[in-house]
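Colleague: model the structure of this input:
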Amino acid sequence: MTMLARLSPDVRQYLLITGNYWAFTLTDGALRMLVVLHFHQLGYSPLQVAMLFLFYEIFGVVTNLVGGWLGAHVGLNRTMNIGLALQVVALSMLLVPTAWLLVPWVMAAQALSGIAKDLNKMSAKSSIKLLVPNDQQGALYRWVAALTGSKNALKGVGCFLGGALLTAVGFAPAIAIMVVGLALVWLLSLALLKRDLGKAKAKPKFRDIFSKSRAINQLSAARMFLFGARDVWFVVALPVFLAASLGWDHWQVGGFLAAWVIGYGVVQSLAPYVTGRRGGKVPDGRSALGWASVLAVVPAAMAILLLQGQSPQLVLIAGLTVFGVLFAINSSLHSYLIVSYAAEDGVSLDVGFYYMANAMGRLLGTVLSGWVFQRFGLAACLLVSAGLVATAALASVTLPRHDREGVVPP
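Modeller: This next block holds a predicted model:
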């Protein structure tokens, strides 16, 4: 506590925001794995499992649009705390008897969880813009990369935790453990998070939820296709393939996905050093185009190898390792660029619009993951992934470049 007291107020707020984000992400990753594996075990088809997450993604789209406007009006502390509270409610809805866990009920719980997740994410990412001076772009990139990378590492731990808890204690006890833990985090956040964080000086009108910035619109489009490319194989197709076709146990599926997401998070945190930080550079639109172009090759190559009859385990483990590294760098670049491009007053509006596109990409990928896998198999999911990454690269072609002073123009 003495060490914390010596830190600057901005650093203490950053640590608190990061802690909130970590705790939420742990439950989010675990919940996703619990629902996929539990309902697959109950006999649901891949497309039916994907449909359980439909409202999660749809409400994520709406939440990011409205949440950015709400954060500018009432403050990011309130939107973050509302997100934590809603996740507690969403988890509690799944504590009903198994006979009540019908598709509409689970979809409603997932809808609340989607609202909660995107309120929490939008609040955390927007807050960083306000805690770093505008002329310190290198520091902003490092802080965003650290927040995003550590969050995704914790999401990987959540995937493993979900699979392990399902094996060890069952569905309902696992949910109960998460409810208690997250409720405690929410109470601490209510007491400690700065009250006026992120309120806009000029209150935006509701029509301002749609971005007027060409750069943010282009980056948002690239983000949508990038995350669609990940979720088209990650959400349903891969865990069901590992369990049904390769015969992996729940803890093995959870452990593999956890290792992938943890590694992905670690690479995100290190992205500033991979993309030129040691030379004093920060990324721009040219960087986003280049890294997306390289990434598009990987799922295409994996699909070709699977169609040629190569060992699925070898192709998936090796290929997804390479995909994870490249995807993490792409994601970290995007996360920095949106915070850099965003206007300081009412930052949550721009960040909210961007993460609305992120949620649309997840929605696209989730639906395609169940449908394409059920109709055509995992190789087809990977081919679709390659096409979506290529589209993300095309959307990045005219993103702003640095000027001579190394500053990205607004």
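
Colleague: alpha carbons only for contacts and neighbour counts from here, please
Modeller: Will do.

Colleague: correct me if wrong: residue 106 contacts residue 94.
Modeller: Yes: under the criterion of Cα atoms under 8 Å, residue 106 makes contact with residue 94 at 7.2 Å.

Colleague: so what are the domain limits for the protein?
Modeller: 8-195, 207-403 (the TED database).

Colleague: these: lowest mean pLDDT?
Modeller: Lowest mean pLDDT within the domains of the chain: domain 8-195, at a mean of 79.

Colleague: before we move on, which element is residue 39 in?
Modeller: Taking DSSP states H and E as the criterion, residue 39 maps to helix 9-41.

Colleague: elements contacting that helix?
Modeller: Where contact means 3 or more Cα pairs under 8 Å, 6 or more residues apart in numbering; DSSP states H and E, helix 9-41 is packed against helix 46-52, helix 103-131, helix 137-168, helix 171-192, helix 237-244.

Colleague: including mean neighbour count and distance to residue 328, could those helices go into a markdown table?
Modeller: A markdown table is the format used below for those (neighbours: other Cα atoms under 10 Å; distance: least, Cα to Cα, whole Å):
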| stretch | mean neighbour count | distance to residue 328 |
| --- | --- | --- |
| helix 46-52 | 22 | 24 |
| helix 103-131 | 24 | 16 |
| helix 137-168 | 24 | 8 |
| helix 171-192 | 16 | 27 |
| helix 237-244 | 21 | 18 |
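
Colleague: wait, which of those is closest to residue 33?
Modeller: Each of the helices and strands packed on helix 9-41 was scored for nearness to residue 33 using Cα to Cα, and the closest is helix 137-168 (5.4 Å).

Colleague: so residue 251 sits right up against residue 159, yeah?
Modeller: No: counting by Cα under 8 Å, no contact exists between residue 251 and residue 159, whose distance comes to 9.4 Å.

Colleague: quick check: the spatially most central residue of the chain vs residue 264, distance?
Modeller: When the chain is reduced to its mean C-alpha position, the nearest residue by Cα atoms, centre = their mean turns out to be residue 152, at 7.3 Å. As judged by Cα to Cα, to the nearest Å, residue 152 and residue 264 stand 7 Å apart.

Colleague: residue 12: neighbour count?
Modeller: 17 (other Cα atoms under 10 Å).

Colleague: so which of the helices and strands packed on helix 9-41 gets nearest residue 31?
Modeller: If you check each of the helices and strands packed on helix 9-41 against residue 31 by Cα to Cα, helix 137-168 wins as the nearest, at 6.4 Å.

Colleague: can you check what angle separates the closest one from helix 171-192?
Modeller: Counting by axes from the mean of the first three to the mean of the last three Cα atoms, to 10 degrees, helix 137-168 lies at 150 degrees to helix 171-192.

Colleague: by contact count, what packs against helix 137-168?
Modeller: Helix 137-168 is packed against helix 9-41, helix 103-131, helix 171-192, helix 250-274, helix 312-341, with contacts defined by 3+ Cα pairs under 8 Å, 6+ apart.

Colleague: so which of these gets nearest residue 304?
Modeller: Go through the helices and strands packed on helix 137-168 one by one with Cα to Cα and the one that ends up closest to residue 304 is helix 312-341, at 10.0 Å.

Colleague: correct me, but residue 397 touches residue 284?
Modeller: No: in terms of Cα under 8 Å, residue 397 does not count as a neighbour of residue 284; the distance is 11.0 Å.

Colleague: which one of the two has more residues nearby?
Modeller: residue 284 (23 against 17).

Colleague: quick one, phi psi at residue 95?
Modeller: According to degrees, to the nearest 10, the main-chain angles of residue 95 amount to phi -90, psi 0.

Colleague: how many neighbouring residues does it have?
Modeller: Taking other Cα under 10 Å as the criterion, the count of residues near residue 95 is 17.

Colleague: over to the one 5 residues further on?
Modeller: Under the neighbour criterion other Cα under 10 Å, residue 100 is assigned a count of 12.

Colleague: looking at the helices and strands packed on helix 9-41, which is nearest to residue 88?
Modeller: Counting by Cα to Cα, residue 88 lies closest to helix 171-192 out of these; the figure is 5.6 Å.

Colleague: give me the helices and strands touching the following helix or strand past the closest one, please.
Modeller: Following helix 171-192 in sequence order, the next helix or strand is helix 214-234 (DSSP H and E). With contacts taken as 3+ Cα pairs under 8 Å, 6+ apart, helix 214-234 sits against helix 312-341, helix 347-376, helix 378-395.

Colleague: my guess is residue 31 meets residue 162, correct?
Modeller: Yes: when contacts are counted by Cα under 8 Å, residue 31 is listed as touching residue 162 (6.4 Å).

Colleague: the residue lying closest to residue 390 once chain neighbours are set aside - how many residues pack around it?
Modeller: Counting by Cα to Cα, 6 or more residues apart in numbering, residue 296 is the residue found nearest to residue 390 once chain neighbours are left out, at 5.5 Å. Applying the criterion other Cα under 10 Å, we find 25 residues in the vicinity of residue 296.

Colleague: tell me the contacts of residue 296?
Modeller: In this structure, residue 296 makes contact with 385, 386, 387, 389, 390, judged by Cα atoms under 8 Å, 6 or more residues apart in numbering.

Colleague: surely residue 379 meets residue 309?
Modeller: No: using Cα under 8 Å as the test, residue 379 is too far from residue 309 to be in contact (10.7 Å).

Colleague: the more surrounded of these two?
Modeller: residue 379 (23 against 8).

Colleague: grab the nearest non-local neighbour of that one.
Modeller: The shortest distance from residue 379 to any residue other than its chain neighbours is 4.5 Å, reached at residue 303 (Cα to Cα, 6+ apart).

Colleague: three-state assignment of that neighbour?
Modeller: For residue 303, the assignment made with DSSP: H, G, I helix; E, B strand; the rest coil gives helix.

Colleague: who touches it in this structure?
Modeller: When the contact criterion is Cα under 8 Å, 6+ apart, the partners of residue 303 are 378, 379, 380, 382, 383.

Colleague: now, which of those sits nearest residue 76?
Modeller: residue 382 (37.4 Å).

Colleague: what about the closest one, distance to residue 60?
Modeller: Applying Cα to Cα, the value for residue 382 to residue 60 is 24 Å.

Colleague: do residue 94 as well
Modeller: Noted for residue 94: a distance of 19 Å to residue 60, by Cα to Cα.

Colleague: and for residue 170?
Modeller: From residue 170 over to residue 60 the distance is 28 Å, taken as Cα to Cα.
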